[in-house]
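[1] Generate coordinates for the sequence data below:
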Amino acid sequence: MRILVVSQYFWPENFRVNDLVAELVHRGHKVTVLTGEPNYPGGVIFPEFKADPNAYSRYEGADIVRVGLLPRGQGGLRLVFNYFSFVLSASICGPWRLRGRPFDAIFVFEPSPITVGIPAIVLKWTKRAPIAFWVLDLWPQSLEAVGAVRSKFVLSLVDRLVRFVYWQCDAILAQSKSFMEVIGRQIDDASRIVYFPSWAEEAPVGSAPLAPEVPERPDLFNIVFTGNVGEAQDFGSVLDAAHELRSEPVRWIIVGDGRKSAWLTEEVERRRLSDQVIMPGRFGLDRMPSFFRHADALLVTLRDEPIFALTIPGKVQTYLAAGIPILAMLNGEGARVVADAGAGLSVPAGDSAGLVAAIRSMMAMNDDEKQAMGRRGLACLQRDFDRNTLIEQLEKLLTDLAFRISSRNH
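    The predicted structure follows:
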């Protein structure tokens, strides 16, 4: 198939869409990616990209078409400009840059913002190709949850935009079953909504060397967090737990960065937790196994907001694949995955005291008990989030959509 992937974010930025594109190419599909200039999460265009943009025009056999945008920078207003600069650039320049290229299907990757659907719709009209839209973040609910938008009027306008985007899509892929219910209220057409969870990013922990950026301390109970350091991750509650455990042999390793990184660094200093919390920075997905090697437990957190109870954070699947016990401080589907699998310990979102108790409980376990948690996590992954099974489902979906549109056009 000739597949166009539309995503505001792509390699060298670290997102699951990179793995998907590589696998689709490996399976014999001709894949083109329409994306922006890499600037996530730091907010500035990557220096290595600026130095040699042509070095980033191909990825694992896929052709990359990039359009200009205003980098994320700092602050909410700058982020809004970032979103809309990609919409305008991809909607106007995208069709021109892709002229003469036919596509059988368009796949849209939407971790946020929903506006990524607009250039995809323009290309649907010009290319006469169906859209499969993978929803990894619910709008306008997530905007309200993190306090990005408080105006009910603005939220209602965003909701109208979301409904328009969904109605233009031929299939809407929901990353959790709870998402399906919310999307169903916005589109009122269940036949177009498909359950499509994330799979694990490969984490061959056993063969990886220990990350040299982290001093080796087997005498400590090492808790590793990887990924975005943002509003949604509730690092205030995490630091509350770290402060409570400051006199115990516990170390927190925060791998990643984001819009709250500067705040987190300052707060660690203010609370005098520099000996307990280390932040080695942002690294590529290929380096995550080396950080997991340090871990006695892997941490996943989300704020106590109704919207976040509906989601399964993508790192849950990656943590399951690592075969390491999980500490989860979140509500809803993500917590249920961890608890039902027996892959770790789960406490409610924002419950720092509960997290402290869970850590102490896990520290008291013997190696056999912790290894059993890891094995149960791997079993859950193979049963519910198998990568090959999910990508085969996506291939079939795109093929069916392309056939349906082709039959209609003829």
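[2] State the helix or strand in which the closest residue to residue 126 other than its chain neighbours lies.
    In space, and not counting its chain neighbours, residue 126 is closest to residue 95: 5.0 Å by Cβ to Cβ, 6 or more residues apart in numbering. In this view, the C-beta of every residue, glycine as well, is placed from N, C-alpha and C. Using DSSP states H and E, residue 95 sits in helix 76-97.
[3] and if you look at residue 248?
    Counting by DSSP H and E, residue 248 is part of no helix or strand.
[4] and it, what does it touch?
    221, 360 (Cβ atoms under 8 Å, 6 or more residues apart in numbering).
[5] pLDDT score for the closest residue in space to residue 406 that isn't next to it in sequence?
    Leaving aside its sequence neighbours, residue 406 sits nearest to residue 104 (Cβ to Cβ, 6+ apart; 7.8 Å). For residue 104, the pLDDT comes out at 97.
[6] The residue nearest to residue 126 and residue 134: what is the separation?
    Separation of residue 95 from residue 134 (Cβ to Cβ, to the nearest Å): 22 Å.
[7] More neighbours: which of the two?
    Shown here are residue 95 and residue 134; by other Cβ atoms under 10 Å, residue 134 has more neighbours (22 against 16).
[8] Assign a three-state SS to the more buried one, would you?
    Here residue 134 is recorded as strand under DSSP: H, G, I helix; E, B strand; the rest coil.
[9] Quick check: it touching residue 106?
    No - applying Cβ atoms under 8 Å, one finds residue 134 not in contact with residue 106, separated by 11.4 Å.
[10] tell me, what's touching these two both at once?
    Common neighbours of residue 134 and residue 106 (Cβ under 8 Å, 6+ apart) do not exist.
[11] what residue lies at the spatial centre of the chain?
    Centroid-nearest residue in the chain, with Cα atoms, centre = their mean: residue 314, separated by 5.1 Å.
[12] ok, the closest residue to it other than its chain neighbours - contacts?
    Take residue 314 and drop its neighbours on the chain: the residue closest to it by Cβ to Cβ, 6+ apart is residue 198, 4.5 Å away. Each residue near residue 198 by Cβ under 8 Å, 6+ apart is listed here: 16, 136, 175, 312, 314, 317, 385.
[13] Just to be sure, residue 198 is in a helix?
    No - counting by three-state DSSP, residue 198 is not found in a helix; it is coil.
[14] What does the pLDDT read for it?
    Looking at residue 198, its pLDDT stands at 92.
[15] Phi first, then psi, for it.
    Dihedral pair for residue 198: phi -80, psi 150, per degrees, to the nearest 10.
[16] is it true that residue 377 touches residue 343?
    Yes - counting by Cβ under 8 Å, residue 377 does reach residue 343; the two are 3.4 Å apart.
[17] what touches both of these two?
    Residues touching both residue 377 and residue 343 (Cβ under 8 Å, 6+ apart): 319, 320, 325, 326.
[18] Contacts for the helix or strand encompassing the second one next, please.
    The one in question is residue 320. Secondary structure from DSSP H and E places residue 320 in helix 314-322. Where contact means Cβ under 8 Å, 6+ apart, the residues beyond helix 314-322 that reach it are 16, 136, 175, 197-203, 205, 226-227, 288-289, 292, 295, 298, 300, 326, 328, 334, 337-338, 341, 343, 374, 377-378, 380-381, 385.
[19] What does the pLDDT read for residue 148?
    Looking at residue 148, its pLDDT is 69.
[20] And residue 298, by the same measure?
    Listed pLDDT for residue 298 reads 98.
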